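Visitor: Need a 3D model of the sequence below.
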Amino acid sequence: MNNNENLLPKNDIHRRIIHLDMDAFYASVEMRDHPELKNKAVVVAHDPRDFNGHGVITTANYIARKYGVGSAMPAIKAVQLIPADKLVFIPPNFDKYHAVSNQVHVIMHEVTDIIEPVSLDEAYLDVTKNKLGDYSSIQLGNYMQQKVYRTTGLTCSYGVTYNKFLAKMGSEYAKPFGKTVILPSEAQSFLAQQDIKKFPGVGKKMQAVLREMGINTGADLQQKSVKFLIDHFKKMGYVLAMHSRGIDLSPVEAKRQRKSIGKERTFEPSIFDQQQALTLLRNYARDVSQMLKEKNLQTNCIVLKLRNTDFHTVTRRRMLRQKTQDEQLIYSEAKSLFETLPEFLDQGIRLLGISATNLEQETYRETNLFSTL
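Guide: Purely as a prediction, here's the structure:
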C-alpha cells in the first residue's frame with residue numbers, strides 16, 4: 001500500500017455519470033452527407049495547398065487516423081502522410097455541425113437536464129436521477145446511443161461510471177460506436193492498464209517527464225506515493241494521484257460558462273496598413289464565430305483590443321441588440337470600433353484582437369428538431 005493515502009479525499013462512488021462523445025464528429029457528418037467518401041481519408045480542414053501550406057485540422061475520420069493524422073495537427077501533415085488518391089479535404093461547415101449537435105442535445109435532455117457540454121460533439125451527463133424512469137445508467141446510455149444513430153445517422157460512444165474523468169476515459173476506450181462500463185470495484189484495475197497519455201491533462205511534455213521516471217501506465221502511477229507525485233508535479237501531481245486511484249469529485253456543471261472567447265495576435269513589425277488590419281479583423285471574426293458555434297454559445301458584446309508600438313493598450317466594446325454567432329455582424333461591429341481609433345494606425349499596431357463576452361448557451365431549436373425524431 002502506498003503511503004500518504006490519507007492526503008486524498010474520500011471517494012464518492014454514488015453518482016452515475018455518462019460521457020457521450022460523437023465519433024469523428026465533423027468528418028462523420030461529411031461522410032454521411034457524401035457517401036462517396038466512404039473509403040477515403042477525410043480531413044476536415046481547408047486544403048493547405050490552396051493556403052500557402054497554412055491551416056489546422058479540425059478533425060479526421062478513422063481512415064485518416066490510421067496514417068497518423070488527427071485533430072489540431074497542421075493540415076500540411078495530412079498531405080505528407082496520406083496517399084494523394086486517398087486524401088480528401090473538406091472545409092468545415094460549423095452551421096451544419098451545430099444543427100446536428102442540437103439534435104444530439106435534444107436527445108440528451110430527454111434523459112436529464114444536468115448536462116455539461118464540453119464542445120459540439122461531447123458532454124457529461126449526471127443520470128443519478130433521470131427523466132425517463134426506473135432505468136439503469138447503462139440502459140440510458142444505450143437509449144441515447146441508439147436514438148442518436150436513428151435520428152442523425154451518426155455513431156457515438158459513451159462511458160458510464162461514478163465520476164467524470166473515468167467516464168471520459170471510458171468513452172475514449174470504447175471508440176468507435178462502443179460503450180465502456182466501469183464499476184467502482186473495477187476502476188483501479190481499469191486505470192492500471194491505461195497508458196499515461198490517456199489520463200486527462202497529461203500532455204506530451206509531461207508524458208516525456210513521466211516516462212523518464214519510469215512511469216508509463218496507470219499501474220506505475222498507483223505505485224507512487226501521493227507525496228512523491230505532489231513533490232514532483234505540485235497541483236497536477238495531486239490530480240494524478242487522485243485520478244490513478246479512481247477519485248474525481250468534480251460535479252457535472254449544467255451551467256458552466258466561459259466568460260469570453262477571442263482571437264488576438266502580436267505583430268513584429270507593427271502594422272501601419274489599414275487594409276491589412278481589416279483583413280485580420282475579418283479573419284478573427286470568422287474564428288470567433290466558429291468558436292461560438294462549436295461551443296453552442298452566443299454573444300451580445302464585441303470587444304476590440306489594440307496595442308501600439310509604445311505598448312499603450314486600449315479596449316473598446318459594443319453591446320448588441322440581440323445575441324449572435326454571426327461572423328459578418330461580429331466583423332462589422334469590430335470594424336466600426338476600429339474606425340474610431342485611427343491614431344493607432346499612425347503609431348503602428350503591435351497587437352490586434354477581437355473577443356466576444358456576455359456569453360450564453362444557445363437555446364436549442366426544439367420546434368424544428370422534434371419533427372425529425
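
Visitor: can you pull out the helices in this structure?
Guide: Along the chain, counting by DSSP state H, helices occupy 25-33, 62-65, 75-81, 94-111, 137-152, 164-174, 187-192, 204-212, 218-223, 226-244, 274-294, 327-338, 343-347, 366-369.

Visitor: Would you mind putting those helices into a markdown table with mean pLDDT, distance to Val181 and mean neighbour count alongside?
Guide: Where you see a C-beta, it was placed from the backbone N, CA and C, and this is true even at glycine. Shown next, in a markdown table, are these (pLDDT from 0 to 100; distance: least, C-beta to C-beta, whole Å; neighbours: other C-beta atoms under 10 Å):
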| stretch | mean pLDDT | distance to Val181 | mean neighbour count |
| --- | --- | --- | --- |
| helix 25-33 | 97 | 23 | 22 |
| helix 62-65 | 98 | 23 | 19 |
| helix 75-81 | 96 | 35 | 18 |
| helix 94-111 | 92 | 16 | 20 |
| helix 137-152 | 97 | 6 | 18 |
| helix 164-174 | 96 | 7 | 23 |
| helix 187-192 | 97 | 10 | 17 |
| helix 204-212 | 94 | 27 | 13 |
| helix 218-223 | 97 | 18 | 18 |
| helix 226-244 | 95 | 19 | 18 |
| helix 274-294 | 92 | 29 | 18 |
| helix 327-338 | 94 | 42 | 19 |
| helix 343-347 | 86 | 57 | 15 |
| helix 366-369 | 32 | 29 | 13 |
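
Visitor: Figure out which of those is closest to Gly55.
Guide: Smallest distance to Gly55 across the helices of the chain (C-beta to C-beta): 3.7 Å, for helix 75-81.

Visitor: for the closest one, packing partners?
Guide: The contact analysis (3 or more C-beta pairs under 8 Å, 6 or more residues apart in numbering; DSSP states H and E) places helix 75-81 against strand 41-44, strand 87-90.

Visitor: Can you tell me which of these is most buried?
Guide: Comparing the helices and strands packed on helix 75-81 by mean neighbour count (mean count of other C-beta atoms under 10 Å), strand 41-44 ranks first with a mean of 27.

Visitor: partners of that one in the sheet?
Guide: Sheet partners assigned to strand 41-44 using DSSP bridges are listed as strand 59-60 (antiparallel), strand 87-90 (parallel).

Visitor: picking that back up, possible to save the helices of the chain as TSV with distance to Ser250?
Guide: As requested, the helices of the chain are exported to TSV (distance: least, C-beta to C-beta, whole Å):
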stretch	distance to Ser250
helix 25-33	24
helix 62-65	29
helix 75-81	34
helix 94-111	19
helix 137-152	18
helix 164-174	6
helix 187-192	16
helix 204-212	20
helix 218-223	19
helix 226-244	10
helix 274-294	22
helix 327-338	32
helix 343-347	43
helix 366-369	29
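
Visitor: I'd like to know which of the ones you listed is closest to His14.
Guide: In terms of C-beta to C-beta, the element of the helices of the chain nearest to His14 is helix 137-152, at 12.0 Å.

Visitor: Tell me what angle the closest one forms with helix 25-33.
Guide: Inter-element angle recorded for helix 137-152 and helix 25-33: 50 degrees (by axes from the mean of the first three to the mean of the last three C-alpha atoms, to 10 degrees).

Visitor: Any idea how far helix 137-152 is from the middle of the chain?
Guide: Relative to its parent chain, helix 137-152 has a centroid offset of 21 Å by C-alpha atoms, centre = their mean, to the nearest Å.

Visitor: in terms of contact count, name the helices or strands touching it.
Guide: By 3+ C-beta pairs under 8 Å, 6+ apart, helix 137-152 packs against strand 17-22, helix 94-111, strand 156-161, strand 179-181.

Visitor: re the thing from before, and Thr315, which of the strands paired with strand 41-44 is closest to it?
Guide: Between the strands paired with strand 41-44, strand 59-60 lies closest to Thr315; by C-beta to C-beta that is 33.2 Å.

Visitor: Now do the closest one: everything it contacts.
Guide: Strand 59-60 is contacted by residues Ala24, Phe25, Tyr26, Ala27, Ala41, Val42, Val43, Val44, Val69, Gly70, Ser71, Ala78 when judged by C-beta atoms under 8 Å, 6 or more residues apart in numbering.

Visitor: Give the rounded mean pLDDT of that strand.
Guide: For strand 59-60, the per-residue pLDDT values average out at 96.

Visitor: export the helices and strands packed on helix 75-81 to JSON lines and tack on distance to Met144?
Guide: Output for the helices and strands packed on helix 75-81, formatted as JSON lines (distance: least, C-beta to C-beta, whole Å):
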{"stretch": "strand 41-44", "distance to Met144": "24"}
{"stretch": "strand 87-90", "distance to Met144": "27"}
